[in-house]
Structures are given as structure tokens and as C-alpha cells.
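K.L.:
Sequence first, predicted coordinates after that:
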Amino acid sequence: MLGTKEIKRRIRSVISIQQITRAMQMIAVSRLKRAEDRLRSARPYAEKIQEFIETIAPSLTSISHPLLVKREVKNIGLVVITSDKGLCGGYNANALNHTKQFIEGHPDEAIRLILIGRKGFDAYRRKSFPIDYSLLQLSKEISIQEVKEISGVVIKGFEEGRYDEVDLIYTRYQTAMNTRPTTVKLLPIEKAEVLKTGGGIKGEPIFEPEPEEIMALLLPKYLEAQIYSGLVESVASEQGARMVSMKSATENAEEMISSLTLTYNKARQASITKELLEVTSGAEALRYAKAKKQ
């Protein structure tokens, strides 16, 4: 059995860890609330721009734009969103496993990575996949400059022919306990896929200015909205996973403290009992020695 001093040292260590995990849990709760607010604000914009795309879907077949060009897929640009910190349960592991499955499902295509988050960069920096761009740490509020920078890399790579297809892997947020790694095709913007959900109006829409001019402005905005939505969803998922993970760690620490306290009390009781036995035995020995002398 461990000594009382070592048990007390362990109890103090666990209490210190519990204080840290509880603080991280409270921070995650606060950040999750902000992330959920940002997510609720972002979804209507993404839905409206999607709705507009659907509205003009019948005319997409007659519109020429670099982001609508469909080529034989030989090179895939893969945007992967992970966190820049750990201690968030299985969030990063699930995203990276989903990425691995995607790569294994495309053995004939060359994969080029665009990595958002330090954990994804650390996982792939020593592997054979070329990394075209990496953003190791997002700002807390996800600035529009960051979104434009990422979309700029994607658009430039697609227009230059470095990517024949671009996919986005992010973690979709539903609740703090329910998140799911998801893959979305960013480019080329599929005319057929839009037409499936289009058809909100009948007949051909009238464009002012010309359709190509409208799409030149709209499609990059649509791409930015998709990327921003993925970032917001992922940040909310990360904070939800961290909150749940730190709550579990705090509760486990509480159980460990209770167990160690019980062990300490038993060890202390055993030590007291041993000391009493030693004192009693010593007194008996002295009494016996005196009686023998007499």
C-alpha cells in the first residue's frame, strides 16, 4: 500500500488537474455559445445564396465560367479542417479518420492537401501528400480575410488546372454530443446537382446584367459561403467536443479524488493502528521487564 505522504501528493495533483479541466470546461461552454450564435447567423446567408443559385439553375447550362468547368478527375484538392489545439475528445481523430477514408476511396487520383488547423498539419506534414496551403491557427472570430485567403487558394488551383476537383472535409455540428465528419464537393460547382434542387420557378429568368457577369460575382461568394460555413460548423463541433471531454475529465478527477481520499483514510487508520500496537507492545514489554526484575 502507498504511504500517506505519497497519497496526499497524488490527491493534490489530481485536484490541480481537476481545477484546470473545470476551467477549460467553462471556457469551452462560453466559446460554444458564441460559436452557436455565429452558426445561427451564418446558416441563413448560406441558405439564401444556395436558394439564389437554385433560382438561376435552369440557365446554368448556358453560362460559361471557370468554376463550372468539368474535367476528368486526376488531381483532387482536399480542404481538411481540424483544430489547432487538443483536449477535445475524438474531434480531430474522427476528422482525420474521415480524411483517411476519403483518400483510400480515391486510389487513382493524386491528392493535394489544403490544411486548416495545426492537428491536421501535424498529421500530414511527414506524409507523401503535397501540402499546397496550411493555416495553423484560425482567429477566434474567423475573419473574412481568412476565408478569402482559403477560397483564393482553391479558386486559383482549380483555374490553373492543379485541381480537377476540390472537396471540403469538416465536422458538421448538430449538438455538443452529436457531431459528424462530412465531405462536401466545392468545385466544380455541379450543374446537375443544382438542378436537382432547383426548379423553384418556371421558365427562363431574365438577367440584368448578363449571366456571366452575375456568376463571376456570385460563384466566388458561393464558394466563400461554403468554406465559411464549414469553418463555423467545425469550430462549434470542436468547442462542443472540448466541453464534453473536459466535463468527463472533471467528473473522473472527482471520482479519483474520492477513491484516493478513501485509500488515504485507510492508510492513515492502518498507520495509527500500527503505532498504537507498537506503543501497547512497548508498554507491555516494559511491564513484563519490571515484573521479571521483581
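P.N.:
Ah, there it is.
K.L.:
any idea how far A283 is from K292?
P.N.:
15 Å (Cβ to Cβ, to the nearest Å). Any C-beta I mention is one placed from the backbone N, CA and C, and that applies to glycine too.
K.L.:
any idea how far S41 is from G3?
P.N.:
57 Å.
K.L.:
Of K292 and A283, which one has the most company?
P.N.:
A283 (10 against 7; other Cβ atoms under 10 Å).
K.L.:
how distant is the helix or strand containing S271 from the center of its chain?
P.N.:
Using DSSP states H and E, S271 falls within helix 211-293. Helix 211-293 sits 22 Å away from the centroid of its parent chain (Cα atoms, centre = their mean, to the nearest Å).
K.L.:
just stretch 131-140 next, same as before
P.N.:
13 Å.
K.L.:
With stretch 137-151 instead?
P.N.:
16 Å.
K.L.:
Stretch 158-171 now?
P.N.:
The answer for stretch 158-171 is 21 Å, by Cα atoms, centre = their mean.
K.L.:
CA atoms only for it, dumped as PDB, please.
P.N.:
Extracted C-alpha coordinates of stretch 158-171, given in PDB (Å, rounded to 0.1, in the frame of the first residue of the first chain):
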ATOM      1  CA  PHE A 158      -8.800  25.000 -59.900                       C
ATOM      2  CA  GLU A 159      -8.500  27.600 -62.600                       C
ATOM      3  CA  GLU A 160      -4.800  26.800 -63.200                       C
ATOM      4  CA  GLY A 161      -5.600  23.100 -63.500                       C
ATOM      5  CA  ARG A 162      -3.700  22.000 -60.400                       C
ATOM      6  CA  TYR A 163      -7.100  20.600 -59.100                       C
ATOM      7  CA  ASP A 164      -9.700  18.900 -61.300                       C
ATOM      8  CA  GLU A 165     -11.900  18.700 -58.200                       C
ATOM      9  CA  VAL A 166     -11.900  20.300 -54.800                       C
ATOM     10  CA  ASP A 167     -13.600  18.700 -51.700                       C
ATOM     11  CA  LEU A 168     -14.100  20.000 -48.200                       C
ATOM     12  CA  ILE A 169     -13.900  17.800 -45.100                       C
ATOM     13  CA  TYR A 170     -15.400  19.500 -42.000                       C
ATOM     14  CA  THR A 171     -17.300  18.400 -38.900                       C
END
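K.L.:
Per-residue pLDDT of the nearest residue to T263 once chain neighbours are set aside, please?
P.N.:
Setting aside the residues directly before and after it, T263 is nearest to I7 in space (Cβ to Cβ, 6 or more residues apart in numbering), at 5.8 Å. Per-residue confidence (pLDDT) for I7: 90.
K.L.:
right, and I7 touches Y264 too?
P.N.:
Yes - in this structure I7 lies within contact range of Y264 using Cβ atoms under 8 Å: 4.3 Å.
K.L.:
Would you state the strands of the stretch 1-150 of the chain in chain order?
P.N.:
75-81, 110-116, 131-135 (DSSP state E, counting those that start in this stretch).
K.L.:
Tell me which of these is the most buried.
P.N.:
strand 75-81 (a mean of 24; mean count of other Cβ atoms under 10 Å).
K.L.:
so how far is A28 from the residue positioned nearest the centre of the chain?
P.N.:
For the chain, the residue sitting closest to the mean C-alpha position, by Cα atoms, centre = their mean, is E238 at 3.9 Å. Separation of E238 from A28 (Cβ to Cβ) stands at 9 Å.
K.L.:
Without its sequence neighbours, what residue ends up closest to K70?
P.N.:
Using Cβ to Cβ, 6+ apart, the closest residue to K70 is P188 (5.0 Å).
K.L.:
Show me what the closest residue to R162 other than its chain neighbours is bridged to.
P.N.:
Computed as Cβ to Cβ, 6+ apart, the closest residue to R162 that is not its neighbour in sequence is N75, at 6.4 Å. With DSSP bridges applied, N75 shows beta-bridge pairing to A110.
K.L.:
Surely N75 and H106 touch.
P.N.:
No - applying Cβ under 8 Å as the test, N75 and H106 come out as separate, 10.4 Å apart.
K.L.:
The residue nearest to the centre of the chain contacts C88, correct?
P.N.:
Yes - the pair E238 / C88 is scored as a contact, 5.3 Å apart, by Cβ under 8 Å.
K.L.:
Cheers, nothing more for now.
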